[in-house]
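K.L.:
Coordinates for the following, if possible.
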Amino acid sequence: MSILMVLRLTVDQKPALARIIPLVLKFSFCLVILAAPADFIINILKTLTFPPKPTNSSTPKTPSPNPPKPPKSYVWINPRSPRASQLRRHSFDARYASLVKLAHSLNSSNPSKDQVFEVLGKLGNTPIEQDAVILINALQSPVAAVFALEFFQCRLKLNREAILYNVVLKVFRKSRDYLGVVEVFDEMLKRGVKPDNVTFSTVISCARACSLPEKAVEWFERMPEFGCSPDNVTYSAMIDVYGRAGNVDMALRLYDRARTERWRVDVITFSTLIKIYGSSGNFDGALNVYEEMKALRVKPNLVIYNRLLDTMGRAKRPWQAKNIYREMRSNGFEPSWATYAALLRAYSRARYGADAISVYREMKEKGMELDVILYNTVLAMCADIGFVDEAFEIFEDLKSSGTCKPDSWTFSSLITIYSCSGRVSKAEDMLNEMMEAGFEPNIFVLTSIIQCYGKANRTDDVVRTFYRLHELGITPDDRFYGCLLNVMTQTPKEELGKLIECIEKARPKLGHVVKLLVGEGQANEALREEVDELFSSISTDVRKPYCNCLIDLCVNLNLLESACELLDAGLRHEIYTDIQSKSPTQWSLHLKSLSLGAALTALHIWMNDLSRAVENREELPPLLGINTGHGKHKYSDKGLAGVFESHLRELNAPFHEAPDRVGWFLTTKVAAKSWLESRKSPELVAA
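P.N.:
Residues are numbered from 1 along each chain as shown. A predicted model of the protein is given here:
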């Protein structure tokens with residue numbers, strides 16, 4: 001107390017010392033401030049008066065254009081004093097916490113109107129509008145929200161009643177109760193409350209969350225009726241809504257506008273855009289959306305990654321699926337069942353056998369169950385690339401899974417695998433197991449069975465299976481006839497009549513062409529016309545298999561002239577293109593897409609062309625090459641390159657396999673010219 005008296009005397013007697021009073025107060029009052037009550041300190045500070053700062057009277061005063069605002073006054077309260085605890089009880093945070101606690105007591109059950117009114121009665125007779133907003137917003141029960149709204153409507157004179165309705169609508173949206181949202185909206189209109197932008201945004205987002213995009217579109221289009229204009233957030237949400245509703249053009253138009261006006265687009269909308277582009281086949285567009293998303297610093301979630309993986313799978317771009325998967329893992333996401341399923345489909349469709357089997361085994365190690373569709377996807381891939389042992393392993397896993405059973409497609413894949421690998425008894429056993437499971441064989445199964453019997457030279461079984469189609473009421477398709485033609489290329493000549501009879505009954509034009517080839521054996525104008533009519537009448541996707549098989553049949557029967565006529569017809573109908581190519585440095589023969597018989601026929605024709613060029617003294621290029629490709633048949637270790645290597649050796653041709661170009665056989669101009677001149681009567685050696 002003596003310190004305060006001294007300070008007061010100092011101020012009164014020596015005005016110059018007033019400048020240091022703040023420092024004195026800062027250091028000398030610390031003990032007093034810590035110990036004294038707040039009211040006492042405030043009274044003491046009021047007794048301290050300071051003289052005004054002296055001014056120069058000779059300088060005229062000019063009013064300041066922007067007089068300084070007086071500083072805000074703050075009062076420090078000792079947190080340990082009784083007044084501090086009293087202020088805390090009346091603070092906004094305390095009020096908010098008590099309202100939320102009150103709301104939680106109504107979330108515990110399905111309350112009645114009386115219960116809600118009883119609980120809210122604890123607010124007293126003078127609740128304010130802000131209390132109503134806070135309490136209803138904290139509710140989880142739509143029923144409680146409606147009763148709470150009624151309670152506040154009875155006790156408050158609401159200035160902006162639309163705000164309370166909007167909060168109630170948000171409670172219904174939390175529960176995804178679309179019908180309740182509609183009822184609340186109708187009640188708004190009955191009470192004469194005008195909905196605003198927030199009202200429509202809440203209703204639209206509820207319809208969106210409830211997977212009702214068509215309803216969301218209806219609400220969006222009603223906004224002008226009430227004088228409401230959508231904001232950027234609503235427009236961005238409508239990109240997703242229009243996309244889900246199937247109005248792709250509108251969704252993409254809004255997205256273009258979003259990019260131009262820099263709207264904030266959420267991750268769900270980006271996911272829908274990726275799906276839109278993927279479904280329309282614009283796979284580059286889907287990737288562009290993903291890159292734009294990252295450029296805007298919108299973090300992808302697992303749904304985005306899964307959708308991208310699925311899109312790249314349908315695009316048959318397994319390499320991009322691999323990159324996206326690596327990026328997903330590097331960003332800390334663990335693959336889900338949907339992730340593995342998308343990868344499995346992507347690798348299986350692209351025939352990435354090793355990768356697909358690796359993903360399959362990883363799923364099994366993690367205890368993830370596959371559905372029958374995924375099992376069939378992997379089995380179909382195994383059938384296409386010849387993974388016999390892997391297919392059997394997967395089939396056994398399927399049967400022992402306990403969650404799904406093999407269907408007709410499952411059995412079809414297994415029968416195809418056994419048929420193509422020549423395991424007749426296994427294929428027959430699988431067919432019997434299929435029928436015992438209650439599935440009748442379809443056209444694909446019987447086609448595979450016929451192929452299997454053909455490989456085993458069981459012609460009578462082929463014929464029996466052919467007539468079984470008619471017994472089952474199955475109409476043979478072009479693929480089936482292609483399989484019959486392929487069987488004929490492996491059938492002894494004395495049994496061909498049985499198969500020709502089958503083809504003639506079901507496909508007279510094809511049967512007539514085969515009969516001309518086998519019966520007459522000579523190329524003539526009638527054969528040329530019949531072949532042209534045949535190729536004009538069948539679909540483009542089976543023309544090459546048909547032509548390959550017919551040429552193979554002619555080569556096996558040593559009908560060289562007919563084989564050449566068929567190859568010429570294939571060139572006329574553009575079934576074969578770019579078989580020969582010429583450049584100043586190299587002439588080449590390209591055989592990669594041809595069957596063995598067609599490739600041998602093309603080689604015969606090319607060598608005759610080279611012989612004529614030498615006879616006409618045409619200058620040959622420095623290098624000549626034959627490109628057979630380096631692939632092997634999926635169910636055999638043999639490939640076209642291996643067969644051609646031995647065939648060229650039989651012809652004593654100077655072509656040798658290039659060490660640095662796999663699948664290429666090359667020779668020089670000098671060696672080729674010498675060999676061509678030594679040929680007297682070139683003949684095609686049947687394979």
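
K.L.:
name the element residue 491 belongs to?
P.N.:
For residue 491, there is no enclosing helix or strand under DSSP states H and E.

K.L.:
From residue 389, how far off is it?
P.N.:
From residue 491 across to residue 389, the span is 30 Å (CB to CB, to the nearest Å). The way it works is simple: take the backbone N, C-alpha and C, and place the C-beta from them, glycine included.

K.L.:
Give me the more crowded residue out of the two.
P.N.:
residue 491 (21 against 9; other CB atoms under 10 Å).

K.L.:
Contacts only, for the more buried one.
P.N.:
The neighbourhood of residue 491, defined by CB atoms under 8 Å, 6 or more residues apart in numbering, consists of 454, 457, 459, 499.

K.L.:
any idea of the pLDDT on the second one?
P.N.:
The per-residue pLDDT reported for residue 457 equals 89.

K.L.:
my read: it touches residue 492, true?
P.N.:
Yes. If you go by CB atoms under 8 Å, residue 457 and residue 492 touch, sitting 7.2 Å apart.

K.L.:
Could you check which of the two is surrounded by more residues?
P.N.:
Looking at residue 457 and residue 492 with other CB under 10 Å, you find the greater number of neighbours at residue 457, namely 13 against 9.

K.L.:
list the helices and strands the helix or strand harbouring residue 673 packs on?
P.N.:
Taking DSSP H and E as the criterion, residue 673 maps to helix 669-678. When contacts are defined as 3 or more CB pairs under 8 Å, 6 or more residues apart in numbering; DSSP states H and E, helix 669-678 packs onto helix 596-615, strand 623-627.

K.L.:
can you put the ones you listed in JSON lines and add distance to residue 562 and mean neighbour count?
P.N.:
Listed next are the helices and strands packed on helix 669-678 as JSON lines, based on distance: least, CB to CB, whole Å; neighbours: other CB atoms under 10 Å:
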{"stretch": "helix 596-615", "distance to residue 562": "10", "mean neighbour count": "19"}
{"stretch": "strand 623-627", "distance to residue 562": "23", "mean neighbour count": "20"}
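
K.L.:
Which of these sits closest to residue 335?
P.N.:
With CB to CB as the criterion, residue 335 lies closest to strand 623-627 of the helices and strands packed on helix 669-678, at 41.3 Å.

K.L.:
Identify the residues contacting the helix holding residue 673?
P.N.:
Outside helix 669-678, the residues touching it (CB under 8 Å, 6+ apart) are 607, 610-611, 614, 620-624, 652-654, 667.

K.L.:
how about 10 Å then?
P.N.:
586-587, 607-608, 610-615, 619-624, 651-656, 666-668, 682 (CB atoms under 10 Å, 6 or more residues apart in numbering).

K.L.:
List the buried residues of stretch 356-370.
P.N.:
Buried residues in stretch 356-370, counted by 16 or more other CB atoms under 10 Å: 356, 357, 359, 360, 363, 370.

K.L.:
any idea how far the second one is from residue 320?
P.N.:
In this case it means residue 357. Look at residue 357 and residue 320: by CB to CB, they are 20 Å apart.

K.L.:
related to what we said a few turns ago, show me which pair in the contacts of residue 491 is furthest apart.
P.N.:
Farthest-apart pair in the contacts of residue 491 is 457 and 499; separation 11.9 Å (CB to CB).

K.L.:
intersection of neighbour lists for those two?
P.N.:
487, 491.

K.L.:
Convert the C-alpha atoms of stretch 494-506 to PDB, please.
P.N.:
Extracted in PDB, the C-alpha atoms of stretch 494-506 (Å, rounded to 0.1, in the frame of the first residue of the first chain):
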ATOM      1  CA  GLU A 494     -10.600 -90.400 -96.800                       C
ATOM      2  CA  GLU A 495     -12.700 -89.100 -93.900                       C
ATOM      3  CA  LEU A 496     -13.200 -85.500 -95.200                       C
ATOM      4  CA  GLY A 497     -16.500 -86.500 -96.800                       C
ATOM      5  CA  LYS A 498     -18.200 -87.000 -93.400                       C
ATOM      6  CA  LEU A 499     -17.400 -83.400 -92.400                       C
ATOM      7  CA  ILE A 500     -18.200 -81.900 -95.800                       C
ATOM      8  CA  GLU A 501     -21.700 -83.500 -95.500                       C
ATOM      9  CA  CYS A 502     -22.200 -81.800 -92.100                       C
ATOM     10  CA  ILE A 503     -21.100 -78.400 -93.400                       C
ATOM     11  CA  GLU A 504     -23.300 -78.700 -96.500                       C
ATOM     12  CA  LYS A 505     -26.400 -79.300 -94.400                       C
ATOM     13  CA  ALA A 506     -26.000 -76.300 -92.200                       C
END
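
K.L.:
got the buried residues for that stretch?
P.N.:
So stretch 494-506, judged by 16+ other CB under 10 Å, has buried residues 496, 499, 500, 502, 503, 506.

K.L.:
Also stretch 113-133?
P.N.:
For stretch 113-133, by 16+ other CB under 10 Å, it's 116, 117, 119, 120, 123, 127, 129, 131, 132, 133.

K.L.:
and these as TSV, adding pLDDT, secondary structure and distance to residue 299?
P.N.:
Below are the buried residues of stretch 113-133 laid out as TSV (pLDDT from 0 to 100; DSSP: H, G, I helix; E, B strand; the rest coil; distance: CB to CB, whole Å):
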residue	pLDDT	secondary structure	distance to residue 299
116	80	helix	41
117	84	helix	45
119	79	helix	41
120	80	helix	41
123	76	helix	42
127	73	coil	42
129	80	helix	38
131	79	helix	37
132	81	helix	36
133	86	helix	32
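
K.L.:
Residue 286: which of those residues is nearest?
P.N.:
Proximity of those to residue 286 (CB to CB) peaks at residue 133, which lies at 42.2 Å.

K.L.:
Quick check: the closest one touching residue 161?
P.N.:
No. In this structure residue 133 lies outside contact range of residue 161 using CB atoms under 10 Å: 11.2 Å.

K.L.:
any chance you could map the helices in the stretch 151-300 of the chain?
P.N.:
161-174, 178-190, 197-209, 213-222, 232-245, 248-261, 267-279, 283-295 (DSSP state H, counting those that start in this stretch).

K.L.:
possible to save the ones you listed as TSV with distance to residue 553 and mean pLDDT?
P.N.:
TSV is the format used below for these (distance: least, CB to CB, whole Å; pLDDT from 0 to 100):
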stretch	distance to residue 553	mean pLDDT
helix 161-174	70	89
helix 178-190	66	91
helix 197-209	62	89
helix 213-222	57	89
helix 232-245	53	81
helix 248-261	50	82
helix 267-279	44	85
helix 283-295	41	88
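
K.L.:
export those to TSV and tack on distance to residue 646?
P.N.:
Shown next, in TSV, are the helices of the stretch 151-300 of the chain (distance: least, CB to CB, whole Å):
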stretch	distance to residue 646
helix 161-174	75
helix 178-190	73
helix 197-209	67
helix 213-222	64
helix 232-245	59
helix 248-261	57
helix 267-279	48
helix 283-295	44
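
K.L.:
Wait, a helix at residue 403?
P.N.:
No. Read with DSSP: H, G, I helix; E, B strand; the rest coil, residue 403 is coil and lies in no helix.

K.L.:
so who does it touch?
P.N.:
Residues counted as contacts of residue 403 (CB under 10 Å, 6+ apart) are 369, 370, 371, 372.
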